[in-house]
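*Asks:* pasting the sequence and the predicted coordinates here, then a few questions.
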Protein chains: 4
Amino acid sequence: MRLLFLGDVVGRSGRAAVVNRLPGLVERFGLDFVVVNGENSAGGFGLTEEILTDLLDAGADVVTTGNHAFDQREALVFAERQPRFLRPANFPSGTPGRGANLYPARNGARILVVNVMGRVFMDALDDPFAAVEREVAACPLGEQADAIIVDFHAEATSEKQAVAHFLDGRVTLVVGTHTHVPTSDHRVLPGGTAYQSDAGMCGDYDSVLGMEKDEPVRRFLTKIPSGRFSPAGGEATLCGIAVEVDESSGLAVAVAPLSIGGVLEERLPPFWA
Amino acid sequence: MRLLFLGDVVGRSGRAAVVNRLPGLVERFGLDFVVVNGENSAGGFGLTEEILTDLLDAGADVVTTGNHAFDQREALVFAERQPRFLRPANFPSGTPGRGANLYPARNGARILVVNVMGRVFMDALDDPFAAVEREVAACPLGEQADAIIVDFHAEATSEKQAVAHFLDGRVTLVVGTHTHVPTSDHRVLPGGTAYQSDAGMCGDYDSVLGMEKDEPVRRFLTKIPSGRFSPAGGEATLCGIAVEVDESSGLAVAVAPLSIGGVLEERLPPFWA
Amino acid sequence: MRLLFLGDVVGRSGRAAVVNRLPGLVERFGLDFVVVNGENSAGGFGLTEEILTDLLDAGADVVTTGNHAFDQREALVFAERQPRFLRPANFPSGTPGRGANLYPARNGARILVVNVMGRVFMDALDDPFAAVEREVAACPLGEQADAIIVDFHAEATSEKQAVAHFLDGRVTLVVGTHTHVPTSDHRVLPGGTAYQSDAGMCGDYDSVLGMEKDEPVRRFLTKIPSGRFSPAGGEATLCGIAVEVDESSGLAVAVAPLSIGGVLEERLPPFWA
Amino acid sequence: MRLLFLGDVVGRSGRAAVVNRLPGLVERFGLDFVVVNGENSAGGFGLTEEILTDLLDAGADVVTTGNHAFDQREALVFAERQPRFLRPANFPSGTPGRGANLYPARNGARILVVNVMGRVFMDALDDPFAAVEREVAACPLGEQADAIIVDFHAEATSEKQAVAHFLDGRVTLVVGTHTHVPTSDHRVLPGGTAYQSDAGMCGDYDSVLGMEKDEPVRRFLTKIPSGRFSPAGGEATLCGIAVEVDESSGLAVAVAPLSIGGVLEERLPPFWA
Ligand SMILES: [Fe+2]
Ligand SMILES: [Fe+2]
Ligand SMILES: [Fe+2]
Ligand SMILES: [Fe+2]
Ligand SMILES: [Fe+2]
Ligand SMILES: [Fe+2]
Ligand SMILES: [Fe+2]
Ligand SMILES: [Fe+2]
């Protein structure tokens, strides 16, 4: 079974990369299931229902988010009626929407996707380790779920690595999002869980986090807010991570980064060849 | 001119990777200048003068550090008499040692190395943008310096990218350290400066930041300190970044990650072939 | 009904103030119930079972804590067998001890004491608003509880004020601890809940947070750890807050700060006269 | 010599308290010099030139600020032409305006006022200890200055106490601002410097930090931004600290809090009687 996970989509340029390239990837490589983190797709801040629909139409089976989940306030409404939209599972109880859900893959497998947010250098939230434990316990790998994907939206590499070791052998993939930079520490952990600290963003890397760079640099220099942040408009790099899943165990056989377009080095999973 | 930068060396396993592999790399590929970040080489916390000497003997021309610079208190003493030891340039005035210095490369070039620490999610320090500006202005590329290497020891990708754009065209390389995870966003920026958000650590990646993983995971789960952190003992991956420098301008012609040994995917700079 | 709450006891000097002065206050003013925050009573870091017993013997009915609850590791053991010891209710599930409990006052009233920790500028913990809501809902004022005292151990005045307004009319007292400085914003809120942002510490104020001042000042100046923190040894000020409770409603009739000894201005609740 | 310092003025209600009460206080008690922190006087965020003028007309000799200094962007312009407006001295070099200045008091004395911002739990800024040291060294007490007032705008009580001990004997007053809650730890330190951790705000205390309380409470409960923050409209308490200065040494003879109006307990400096 072939999974693809794409990191934080930033602005128009990031959306274009997904909409233009994802349908071809799904078809050409026979992808069974695709998750896209869309938390920055509306001008860098959250996403609208129209953008959600565009990402789903392009081939995403699920759209995850993070700290920017509700930047567009309409998400407070559509979160409830869109089961393919996830927001972090450890948001306060009463928050609209879901933090985890079970979805059918194109090959008939049942995929549990969990979206959860770290706490180190992030907003104060309930324990992400307990939250993901609860979701996985309610729908274990090899029982109700044929594969489990955890989007751990977090800043600190320590917390990302810790949650991966905590889940190793119990889920298919733990992948970090939020830093907007792809890491190259992808590997299958000893217990069989695929891991990469960050998927990287789908956005223009000639930028600061996908945003036009002048204003962020100016803020670091002066501490005075001046202009507004707006997404950088150059060609986006589609960034993500591919996992080959053992269908009997639901664990990972292989994992590799994917990077297409824009200013980063091109990389395609060798096992897709 | 060929530069190599190796990220945070963690513990005995990380030191072994440097000591065993670096001399061969220097010789085989004719490296002109090597910088190693050694801030975690003594059991994960700082470094001793003996370890400093071992790293220099293995082929490092300069050893940079970061927030752990003075974890071994003897560094407060040897920082002054060891010109090849650097600590962040934006530490408070009165801190022992140097934050930047000019060194001769094996090909005769004069290399300015600047070690500076970011502030986002880090200790309170003086402005790193102002500090690096001061050092570069005092020894500009193409005048007193034939190449300039900036080790920006920081957590946040936003701050790393911002300082890189701020320096683009004025230094040879801006490379991040501190997260202990290599990123794959290496590229030459529009102005000619090579950049990678993090070099990654030289340490055992089957760990949390190079430390044996059980105790860090337990702390995330319980909030109760129990055992101590100790470096993971598995084979380290030597992680770093290689830059090919244009000798007339001092700017970067090419940049590529290096990753040898341990559990990460092997990568050698294609332009070393 | 007369309640007294004393803030964070720091070191030997703070303990002496409690042990020497509290018995006389209880007797002279006919105090019905006394809570003491003891999180710094053992050399500034946590408390031992012997110190706990000393504080209880001096007249404390309950000893609350905070982020330093388990600095003395024996607390992990005695937390279970000492029902008058509380640690924050929003510590991870599985943490030894209790976060809230119901106690008999000297006048026969049943007092619910809740210890909970804020999250702004503090460790990552589960939602304190939800935690305190849960405890109060399980034992409401005017039903199972005749008075409810909330020790909100937190840094930020915003979070302290918010939790007080959230609970106003449903508990007798919300008092902050942790900053080690008494505030003078004591008052009865519109709904009948007594409030003060911080009770202040029981410790020597000629200090930094009750610790001998030279080392903390040096750390601010140099960023280099050198000596150790040790409690300041001058005479402590006993700092706290007194509440006069309406016995029919369990709400507050009057509230006033108490400050005795040491370098701060002496203050006794006028309604104790 | 009689000094008065008033804490952060919040919104229309806070301004009204200053404008209505300060002229009478100056006249009735013969105040020689008045400093007002005005960083929240324009709807809670910064201040306009018109508001600055109103505060000066009411009797303020200097208006200090803090992290909100430039929330109203016109402050970037008037900061330069208004010598009685101060912003933190440790803002990046190139920031408009001044961080310290020498002013004549009504009795002819020369008063140095320094505004500086702490770094613990605050924005990243240059070292406040070094900044205030520089200003005091350039205009020492007993030489160019007859009194020195330091407004240390900071969150953490540890940093406030540390800077006070650092300056003890070299300045007349170190007073904290920013938490918007008055503390009752006012005293003259051993070296002769008057100190209080926080002056408190001039604003409506039936609020969260002077802002209408519903929206802040909702944000703590839900993590979802909804409405906007707006200043609470109830009667403000004028909060501050009064210092009696020894005119030969410039050090403090006595210090006492002042609190007039609104929901807090009324307090007038006993030495003004
Ligand atoms: Fe993002
Ligand atoms: Fe994010
Ligand atoms: Fe490191
Ligand atoms: Fe570091
Ligand atoms: Fe404490
Ligand atoms: Fe505490
Ligand atoms: Fe303020
Ligand atoms: Fe402020």
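*Replies:* Sure thing, it's come through. Ligands and ions are numbered 1, 2, ... in the order given.
*Asks:* so how far is residue B:99 from whatever residue of the stretch 151-273 of chain A ends up closest to chain B?
*Replies:* Residue of the stretch 151-273 of chain A nearest chain B, by C-beta to the nearest C-beta: residue A:184 (4.1 Å). C-betas here are computed from N, CA, C, even on glycine. Residue A:184 is 29 Å from residue B:99, where distance means C-beta to C-beta, to the nearest Å.
*Asks:* returning to that earlier point: who touches the residue nearest to the residue of the stretch 151-273 of chain A closest to chain B when sequence neighbours are not counted in this structure?
*Replies:* Closest residue to residue A:184 apart from its sequence neighbours, by C-beta to C-beta, 6 or more residues apart in numbering or on different chains: residue B:184 at 4.1 Å. With contact taken as C-beta atoms under 8 Å, 6 or more residues apart in numbering or on different chains, residue B:184 is in contact with A:182, A:183, A:184, A:200, A:257, A:259, A:264, A:265, A:267, B:257.
*Asks:* from those residues, which is closest to residue D:161?
*Replies:* residue A:183 (41.5 Å; C-beta to C-beta).
*Asks:* follow-up on the earlier one: just among the contacts of residue B:184, which is most surrounded?
*Replies:* residue A:200 (32 neighbours; other C-beta atoms under 10 Å in any protein chain shown).
*Asks:* give me the nearest residue to that one, chain neighbours excluded.
*Replies:* Nearest to residue A:200 is residue A:182, by C-beta to C-beta, 6+ apart, at 2.8 Å.
*Asks:* what's the answer for residue A:250, then?
*Replies:* Counting by C-beta to C-beta, 6+ apart, the residue nearest residue A:250 is residue A:141, at 4.6 Å.
*Asks:* and the nearest residue to residue A:195 once chain neighbours are set aside, how far is that from residue A:33?
*Replies:* Once flanking residues are discounted, residue A:195 sits nearest to residue A:164: 4.5 Å by C-beta to C-beta, 6+ apart. From residue A:164 over to residue A:33 the distance is 20 Å, taken as C-beta to C-beta.
*Asks:* for the spatially most central residue of chain A, give me its contacts.
*Replies:* For chain A, the residue sitting closest to the mean C-alpha position, by C-alpha atoms, centre = their mean, is residue A:37 at 3.6 Å. By C-beta under 8 Å, 6+ apart, the contact set of residue A:37 is A:5-9, A:63-66, A:151, A:153, A:177, A:199.
*Asks:* which of those fall within helices?
*Replies:* When DSSP state H defines the helices, the subset of those inside them is empty.
*Asks:* mind showing which ranges of the stretch 1-150 of chain A have poor pLDDT?
*Replies:* Residue ranges of the stretch 1-150 of chain A with pLDDT under 70: none are present.
*Asks:* for it, what spans make up the helices?
*Replies:* A:11-29, A:49-57, A:75-81, A:128-138 (DSSP state H, counting those that start in this stretch).
*Asks:* quick one, what contacts the residue nearest to residue A:114 when sequence neighbours are not counted?
*Replies:* Nearest residue to residue A:114, sequence neighbours excluded (C-beta to C-beta, 6+ apart): residue A:100, at 4.2 Å. The neighbourhood of residue A:100, defined by C-beta under 8 Å, 6+ apart, consists of A:86, A:89, A:112, A:113, A:114, A:115, A:135, A:139.
*Asks:* hang on, the earlier thing: mind putting the contacts of residue A:37 in TSV, neighbour count and distance to residue B:251 included?
*Replies:* Formatted as TSV, those follow (neighbours: other C-beta atoms under 10 Å in any protein chain shown; distance: C-beta to C-beta, whole Å):
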residue	neighbour count	distance to residue B:251
A:5	28	36
A:6	32	33
A:7	33	30
A:8	31	31
A:9	32	32
A:63	28	41
A:64	32	39
A:65	30	39
A:66	24	36
A:151	30	38
A:153	28	36
A:177	26	33
A:199	29	31
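*Asks:* those residues into JSON lines, with extra columns for distance to residue D:108?
*Replies:* What follows is the contacts of residue A:37, written out as JSON lines (distance: C-beta to C-beta, whole Å):
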{"residue": "A:5", "distance to residue D:108": "72"}
{"residue": "A:6", "distance to residue D:108": "71"}
{"residue": "A:7", "distance to residue D:108": "66"}
{"residue": "A:8", "distance to residue D:108": "62"}
{"residue": "A:9", "distance to residue D:108": "66"}
{"residue": "A:63", "distance to residue D:108": "70"}
{"residue": "A:64", "distance to residue D:108": "68"}
{"residue": "A:65", "distance to residue D:108": "63"}
{"residue": "A:66", "distance to residue D:108": "60"}
{"residue": "A:151", "distance to residue D:108": "68"}
{"residue": "A:153", "distance to residue D:108": "62"}
{"residue": "A:177", "distance to residue D:108": "64"}
{"residue": "A:199", "distance to residue D:108": "68"}
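*Asks:* need the contact list for the residue in the stretch 101-250 of chain A positioned nearest to ligand 7.
*Replies:* Scanning the stretch 101-250 of chain A for the residue nearest ligand 7 gives residue A:223, at 16.2 Å (criterion: C-beta to the ion). With contact set as C-beta under 8 Å, 6+ apart, residue A:223 has these partners: D:91, D:92, D:95, D:123, D:125.
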